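J.: For reference, the sequence and a predicted model appear below.
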Amino acid sequence: MDSTGIKMMGEVEWKVKKHGADYRCQWCKLHLGIDAQTLEIRAMEVTDNRTSDTTMLPERQPQIPKAEQLVTVTTDGAYDTRLCHAAIAARGAASIIPSSRNCQLNRLSFTRYIYGCLQSGSSHFSSGM
């Protein structure tokens, strides 16, 4: 799961290009959940640029049917929150999320993190957490 920014170009930006007026660019975010095996998009949402990544992970998981088992969920460090870890654990999956240097892991979360890394063959251990 991750997000990327998309620049929106409309009539106003065309006028800026044509006439040279000062105007701030507008962006939106595309949040994607991709199956690592098949590279199929499993969850998707377009939001404004102020929407936090961490709020989108729990909201996008229902797009994946509960009948389909999630083994691991891999994201970047922006998703290292209790809310995201709880949403991933609720689906019975292991979370593979790099932790920040000043984080305080509880024992259960750390065990799930190690299990997820070992299961997926991830090299997060060598990245200097």
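T.: Arrived safely, thanks for sending. On a predicted model such as this, the values are computed, not experimentally measured, just so you know.
J.: Ignoring the adjacent residues along the chain, who's closest to S95?
T.: I88 (4.3 Å; C-beta to C-beta, 6 or more residues apart in numbering). The C-beta positions use only the backbone N, C-alpha and C, and glycine is treated the same way.
J.: pLDDT averaged over the host helix or strand of the one you found - what is it?
T.: Using DSSP states H and E, I88 sits within helix 82-90. Across helix 82-90, the average pLDDT comes to 90.
J.: what's it packed up against?
T.: helix 53-60, strand 94-96, helix 107-120 (3 or more C-beta pairs under 8 Å, 6 or more residues apart in numbering; DSSP states H and E).
J.: repeat that with 6 Å
T.: helix 53-60 (3 or more C-beta pairs under 6 Å, 6 or more residues apart in numbering; DSSP states H and E).
J.: Buried residues in the helix it packs on, which are they?
T.: Across helix 53-60, burial judged by 16 or more other C-beta atoms under 10 Å covers D53, T54, M56, L57, P58, R60.
J.: mind listing what L83 touches?
T.: When contacts are counted by C-beta atoms under 6 Å, 6 or more residues apart in numbering, L83 touches T54.
J.: Relative to E45, how far out is it?
T.: Shown here: L83 relative to E45, a distance of 16 Å by C-beta to C-beta, to the nearest Å.
J.: Repeat that for T38.
T.: 20 Å.
J.: same thing with D53?
T.: Applying C-beta to C-beta to D53 and E45 gives a distance of 11 Å.
J.: got it, and Q69?
T.: Taking C-beta to C-beta, one finds Q69 at 22 Å from E45.
J.: Return the helix or strand in this structure with minimum mean pLDDT.
T.: Ranking every helix and strand in the chain by mean pLDDT, DSSP states H and E puts helix 107-120 at the bottom, with a mean of 66.
J.: low-scoring stretches of this structure, by residue?
T.: 10-14, 19-25, 102, 104-129 (pLDDT under 70).
J.: rerun that using 50 as the cut-off
T.: Residues of the chain meeting the criterion pLDDT under 50: 124-125, 128-129.
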